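Visitor: pasting a predicted model and its sequence here:
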Amino acid sequence: TVMMRYSFILIFLLSCTRHAVCQDIFVEASATASTGDYAPLWLSSNRQGLVSPYSSSAYERAGISGVTSLTRHTTDSSHAIRLAYCADLQLSQNAQYTFFVHQLYGALTYRRATLTVGQRERSVDLRNNRLTSGGLSQGINAQPIPEVLLSLDYFSVPLTRQWWKICGRIGFGRTTDGSWQETWLGAPETHERYTSDILYHEKAMYWKFGKETSRLPLTFEIGLQMMTQFGGTTYNAVGRNHDDASVPIHHPENLNAFWHAFWPMGSEDVTDGMHPNSAGNTFGSYNMALTYHGGGWKARAYFERMFEDQSMLTVQYGIYDHLLGFDLELPANPYVSHVLVEHLNTKDQAGPVYHDSTHNMPESYTGIDNYYNHGLYAGWQNWGMGMGNPLLTAPIYNTPHILQFRNNRLRALHIGVDGNPTPDISWRLLATITRNWGTYRQPYDDVLRQQYYLAEATWAPSFLRGWRATLAIGLDHGAVLGDSFGAQLTLRRTVTLGKN
């Protein structure tokens, strides 16, 4: 399996412990119980895929992580080569899997460049990951995908006196949930479409203008991130030039396929027929953020706009769909640390009409973008959980089982607040109100309302060094996922081996 291919990393981690700058060994256990068919959304979502969405579940984790210097004799830390590593294993009850390698990676960093090989937790760009509802294209809702990722942290463009900085990343990987898809769907008996061994590609670039330390401490960041699912095999599917669902579709994985994933202007997919599309399932989003860095406080306004095809790459079809947010970081105080407000709209999707140009009707209308879904691939999901924003209802919630996002047209208001009343205690509150329309092809009979709430407190007592306990209470009310009230208790013990 893909996980076995990365087993060499674990052996290398143990060889690094002798020269580790800092190393942690941790164990964690968590249990969730609730009254509904599913756990309240915020008890299971935006937690890197660790928590099962089912009504009652539990998991145990154990791992080792650390950072070591591979250039111990250099006196210039900026020229040091550092290796970060982690092995993080998980056992789950009443989840999509029993045993899972949650993280297993090695990451080499030199100056501002980092090369990561393996499976590693990620974060949402330009966002408060603790309070946000999630990213539209790349989020923190599902298990990470094993990949080779090259990232470059912000560096100053020459001759700009640090007023213009650029960062970016590019990576290729492969998903690991093909066997689960087949089992969960009951295929081949159910004849539902699923995929296996799907390749994954991501890239992003951001520009940053301004200085945090100038007289006007204002910065503006703008960038683009794109993802592609390509290659692999699709089962029980038909395409424009493939009408026999009993014959699996083997998508190309040659060098041209990798190039078309990187530069999405063509494809060798035999199912496209006379209307070739971009390679695989290609989409992404524009991100921008305006941040004011005050004395001891910070205010950020941010905007994200998703696109599923070329129709949303420009403003030709308007900017109705978006995630618009504001995050205020207050000066240190015992009451409130951050206040976040977001408005999400995915209802438009370039309009309700789609038509490819033909001889009789040469005009084309590229609406019905059908966010997160795809005609051949299993959509923007991993192990059933959406890899973007969890408010677009993930396939894991479907009854009967089907790998589609059945609710991707919605409007939402999301509020998050957190604080640190003492050095030992932290808390956060989330409240989300949504109106849901289903999809263009399968709309709900009525507009369905759904609300999601979370109250969470963490205690890390100084007299029990390394121990941390988190209690979370969740409440859902509405007609999309139904009503559910639940609680979650998480205990974690971390032992830091110290510095050499």
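Guide: Everything's here; your move. It should be emphasised that the depicted structure is a prediction, and the values quoted were computed from it without experimental measurement.

Visitor: going forward, measure contacts between C-alpha atoms and count neighbours the same way
Guide: OK.

Visitor: ok so residue 42 is a helix residue?
Guide: Yes. Applying DSSP: H, G, I helix; E, B strand; the rest coil, one finds residue 42 inside a helix.

Visitor: how deep is the closest residue to it other than its chain neighbours tucked in, by neighbour count?
Guide: Distance criterion Cα to Cα, 6 or more residues apart in numbering; nearest residue to residue 42, sequence neighbours excluded, is residue 454 at 6.1 Å. Applying other Cα atoms under 10 Å, we find 21 residues neighbouring residue 454.

Visitor: mind listing residues that contact the helix or strand containing residue 454?
Guide: Using DSSP states H and E, residue 454 sits within strand 443-459. Applying Cα atoms under 8 Å, 6 or more residues apart in numbering, the contact partners of strand 443-459 are 40-43, 424-438, 468-482.

Visitor: what's the answer for stretch 283-302, then?
Guide: 125-127, 136-137, 212, 217-228, 303-309, 324-332.

Visitor: quick one: buried residues of it?
Guide: 283-294, 298-302 (16 or more other Cα atoms under 10 Å).

Visitor: how far does that stretch sit from its chain's centre?
Guide: From the chain centre to the centre of stretch 283-302 is a distance of 19 Å (Cα atoms, centre = their mean, to the nearest Å).

Visitor: show the pLDDT at residue 368.
Guide: Per-residue pLDDT puts residue 368 at 83.

Visitor: in helices, which of the contacts of strand 443-459 appear?
Guide: 41, 42, 43 (DSSP state H).

Visitor: need the contact list for the first one.
Guide: With contact taken as Cα under 8 Å, 6+ apart, residue 41 is in contact with 53, 452, 474, 476.

Visitor: dump the residues you listed into JSON lines; add pLDDT and neighbour count as well.
Guide: Below are those laid out as JSON lines (pLDDT from 0 to 100; neighbours: other Cα atoms under 10 Å):
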{"residue": "53", "pLDDT": "98", "neighbour count": "25"}
{"residue": "452", "pLDDT": "98", "neighbour count": "23"}
{"residue": "474", "pLDDT": "98", "neighbour count": "24"}
{"residue": "476", "pLDDT": "98", "neighbour count": "25"}
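
Visitor: how near is residue 251 to residue 198?
Guide: Note on residue 251: its distance to residue 198, by Cα to Cα, to the nearest Å, is 9 Å.

Visitor: for residue 383, same thing?
Guide: Distance from residue 383 to residue 198, by Cα to Cα: 13 Å.

Visitor: ok, and the closest non-adjacent residue to residue 152?
Guide: That would be residue 113: by Cα to Cα, 6+ apart, it lies 4.5 Å from residue 152.

Visitor: name the residues contacting each of residue 251 and residue 198.
Guide: 230, 231, 232, 233.

Visitor: give me the neighbour count for the second one.
Guide: Other residues near residue 231 come to 27 when the count uses other Cα under 10 Å.

Visitor: equivalent analysis for the last one, please.
Guide: The criterion is other Cα under 10 Å. On that basis, residue 233 has 19 neighbouring residues.

Visitor: swap in the third one?
Guide: The number of residues packed near residue 232 is 21, by other Cα under 10 Å.

Visitor: show me what contacts it?
Guide: Neighbouring residues of residue 232 by Cα under 8 Å, 6+ apart: 195, 196, 197, 198, 199, 250, 251, 252, 253.

Visitor: and for the fifth one, the neighbour number?
Guide: By that I understand residue 199. 23.

Visitor: do I have it right that it meets residue 231?
Guide: Yes. The pair residue 199 / residue 231 is scored as a contact, 5.4 Å apart, by Cα atoms under 8 Å.

Visitor: which among the contacts of strand 443-459 count as buried?
Guide: Looking at the contacts of strand 443-459 with 16+ other Cα under 10 Å, the buried ones turn out to be 40-43, 425-438, 468-478, 480-481.

Visitor: then residue 47 would be within a strand, right?
Guide: No. Residue 47: not assigned to a strand; according to three-state DSSP it is coil.

Visitor: how close does residue 412 get to residue 206?
Guide: Counting by Cα to Cα, the gap from residue 412 to residue 206 is 27 Å.

Visitor: excluding its backbone neighbours, what's nearest residue 301?
Guide: In space, and not counting its chain neighbours, residue 301 is closest to residue 326: 4.4 Å by Cα to Cα, 6+ apart.

Visitor: gap between the nearest residue to residue 433 once chain neighbours are set aside and residue 47?
Guide: Leaving aside its sequence neighbours, residue 433 sits nearest to residue 451 (Cα to Cα, 6+ apart; 4.6 Å). Per Cα to Cα, residue 451 is found 19 Å from residue 47.

Visitor: ok, those two, which is more surrounded?
Guide: Counted by other Cα under 10 Å, residue 451 and residue 47 do not tie: residue 451 has more neighbours, with 23 against 17.

Visitor: okay, that one: pLDDT?
Guide: For residue 451, the pLDDT comes out at 98.

Visitor: what helix or strand is residue 261 on?
Guide: Following DSSP H and E, one finds residue 261 within helix 255-262.

Visitor: partners of the next helix or strand after that helix, with directions?
Guide: Counting by DSSP H and E, the next helix or strand C-terminal to helix 255-262 is strand 281-293. Strand 281-293 has its sheet partners listed here by DSSP bridges as strand 218-230 (antiparallel), strand 298-307 (antiparallel).

Visitor: for the shortest one, the distance to its chain's centre please.
Guide: The gap between the average C-alpha position of strand 298-307 and the chain average comes to 16 Å, counting by Cα atoms, centre = their mean.
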